[in-house]
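A.B. asks: Sequence below, structure please.
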Amino acid sequence: MKKISILFACLVAVLSFTSCEADTDPKYNDPTEFVLNTPALANQYYELTEDGTIDFTWSQPNYGYAATPLYKVQVSLIENFTDSTSVELSAEHKLCNAQVSAKGIAEAICKLRGITSEEEYTDEPARTVYFRVRAYIKGIESSEILSNVVKLNQVKEYCAIQSPGFIYLIGSVGGWTGPDAGNAGALAEWRLFEADDAIGSKIYSATFNMPAGGLTFRFYTELTGWDGGASVGTQVDDNPITVDMSSGKYSGVLVAPGKGSIQVDNWDGSPMKITVDLNVNSVLLEKVAQ
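C.D. replies: Residues are numbered from 1 along each chain as shown. Just a heads-up that it's a prediction; the model follows:
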């Protein structure tokens, strides 16, 4: 009987240990709390500038394990945020602190004021501006959570009209002009733009009058030089990949950063419409009838 009692006690101990191990295994939880800290200088005068930033910090939502959520800052002119009275800035943050672009905040304020051109802009005194942060894990819908709202009491904006973003086509068609800041003028005609009603979409499009013959090109999101990390191409390596345009259309995958160029052989000189979607890193080439 004594041996049975000892064996039973050992079994209970093992089961208890196993249960404790199971209880401590990390698992995903829907987050319930997320705090945006009020800046220490919330009452100071902030004059927004083209190159300025405003510092914000926040806590990390508790997802039950060491998750790596992403964060986006939202701006409003009223404390009661709604979709129609707020603007989410495009920058995606990976840490629980950020130097938020003053230009982005100014653009958001102008948009919230309904200003679409410099002619419509009127200078106004510093105002109260409200902020909150959206946290989320890509691919997990229930991971999204909004922080509390904080305010800066004296924010002076400027006329910062948000305009469509653009990227550059660099290649043989432009004489392989280098993607350097000093060449911005020469490369202006080789830009792909976001649609006027889709600013911030990261979908760029343009129709180019391509010369007949072989075409080789890739894309650059900024003019930071050949090795500035802004290249978008068919592969990481600096080697072209020939694409088939015999049907008048080609769709494919891009890599960022990537220096692999798109190569089209024996182009007949027709205009070509190019659409680049940097949300999914894809490219669409389409022959345009003359």
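A.B. asks: Could you use CA atoms for every contact and neighbour count after this?
C.D. replies: Fine.
A.B. asks: and the longest strand along the chain, what does it pack onto?
C.D. replies: Ranked by residue count, the top strand of the chain under DSSP state E comes out as strand 127-137. Under the contact criterion of 3 or more Cα pairs under 8 Å, 6 or more residues apart in numbering; DSSP states H and E, strand 127-137 touches strand 70-76, strand 140-146, strand 150-156.
A.B. asks: Am I right that residue 51 is in contact with residue 102?
C.D. replies: Yes - with contact defined as Cα atoms under 8 Å, residue 51 reaches residue 102; the gap is 6.9 Å.
A.B. asks: Could you list the low-pLDDT ranges of the stretch 101-250 of the chain?
C.D. replies: Within the stretch 101-250 of the chain, no stretch has pLDDT under 70.
A.B. asks: and the closest residue to residue 278 other than its chain neighbours, backbone torsions?
C.D. replies: Excluding its sequence neighbours, the residue lying closest to residue 278 (Cα to Cα, 6 or more residues apart in numbering) is residue 202, at 5.5 Å. The phi/psi pair for residue 202 (degrees, to the nearest 10) reads phi 60, psi 30.
A.B. asks: Let me know the distance separating residue 202 from residue 168.
C.D. replies: 13 Å (Cα to Cα, to the nearest Å).
A.B. asks: Strands of the stretch 151-290 of the chain, residue ranges please.
C.D. replies: For the stretch 151-290 of the chain, the strands defined by DSSP state E, counting those that start in this stretch occupy 166-171, 191-193, 203-209, 213-220, 231-232, 241-242, 249-253, 262-267, 271-277, 282-287.
A.B. asks: among those strands, which is the most enclosed?
C.D. replies: strand 231-232 (a mean of 26; mean count of other Cα atoms under 10 Å).
A.B. asks: contact partners of that strand?
C.D. replies: 218-221, 254-260 (Cα atoms under 8 Å, 6 or more residues apart in numbering).
A.B. asks: need these in CSV with distance to residue 113, can you?
C.D. replies: What follows is these, written out as CSV (distance: Cα to Cα, whole Å):
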residue, distance to residue 113
218, 38
219, 35
220, 33
221, 29
254, 37
255, 38
256, 35
257, 37
258, 39
259, 41
260, 43
